[in-house]
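Trainee: Okay, here's the prediction I keep looking at, along with the sequence it came from:
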Amino acid sequence: MADVYLFYALGNPKFALDKDDYKNSAYHEWLTEFRKAMSVQNSGVGESQQCSAWLRSYHSALEKTLDWSLANKKEWQVIIGQADEEGRFSISVSDPGEYYVLVLGHAGFNNAVWESKELVTISPGKEITTKMSSPEKACVEVGD
């Protein structure tokens, strides 16, 4: 099983891009926190620990984004679901727009991350259904 996260990025892409909408989105917050975490986690890390540091960066950014969504009353911008053992998931979305998909789980014995390469456009009342392929990154997490 894996945890699936959809981060709202912006509203209906058919309309003009609202920069304030994007800057106040869970996706923007996640990107900001991920970049910060990557710079901290990867400083002074040896080659053998890079994968583990990379995974910690994902988890750190996720935790801070979830905290941000609660503090800013934007819980609706983070949709959480579960993928089955085969990597399939289906999540209903009530707010239309573009979303970033992040999946954290296991690939065999390894901790793994899957993510969308592009934002996914979802219509109102629709659900996103997909099957994850090969993970973006998978490794045994090394403790400090």
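Mentor: That came through, no problem.
Trainee: Tell me the first helix or strand C-terminal of the helix or strand bottoming out on mean pLDDT in the chain.
Mentor: Least confident helix or strand of the chain, by mean pLDDT, DSSP states H and E, is helix 19-23 with a mean of 72. Later in the chain than helix 19-23, the nearest helix or strand by DSSP states H and E is helix 26-41.
Trainee: Next SSE downstream of that following helix?
Mentor: Next along the chain from helix 26-41, counting by DSSP H and E, comes helix 50-71.
Trainee: what packs against that following helix?
Mentor: helix 26-41, strand 78-83, strand 97-107, strand 110-115, strand 137-139 (3 or more Cβ pairs under 8 Å, 6 or more residues apart in numbering; DSSP states H and E). Just so you know, the C-beta spots here come from the backbone N, C-alpha and C atoms, and that holds for glycine as well.
Trainee: same thing but at 10 Å, please
Mentor: The contact analysis (3 or more Cβ pairs under 10 Å, 6 or more residues apart in numbering; DSSP states H and E) places helix 50-71 against strand 2-10, helix 26-41, strand 78-83, strand 97-107, strand 110-115, strand 137-139.
Trainee: Mean pLDDT for the ones you listed - can I get that in JSON lines?
Mentor: Listed next are these as JSON lines, based on pLDDT from 0 to 100:
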{"stretch": "strand 2-10", "mean pLDDT": "92"}
{"stretch": "helix 26-41", "mean pLDDT": "90"}
{"stretch": "strand 78-83", "mean pLDDT": "93"}
{"stretch": "strand 97-107", "mean pLDDT": "90"}
{"stretch": "strand 110-115", "mean pLDDT": "87"}
{"stretch": "strand 137-139", "mean pLDDT": "78"}
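Trainee: Would you mind saying which of the ones you listed lies nearest Ser60?
Mentor: Nearest of the helices and strands packed on helix 50-71 to Ser60, taken as Cβ to Cβ: helix 26-41 at 4.1 Å.
Trainee: which of the residues in the closest one are buried?
Mentor: Judged by neighbour count using 16 or more other Cβ atoms under 10 Å, the buried positions of helix 26-41 are Ala26, Tyr27, His28, Glu29, Trp30, Leu31, Glu33, Phe34, Ala37, Met38, Gln41.
Trainee: For the spatially most central residue of the chain, which non-adjacent residue is closest in space?
Mentor: When Cα atoms, centre = their mean is applied to the chain, the residue found nearest the centroid is Leu102 (3.0 Å). Sequence neighbours aside, Tyr5 is the residue nearest to Leu102 in space, at 4.5 Å (criterion: Cβ to Cβ, 6 or more residues apart in numbering).
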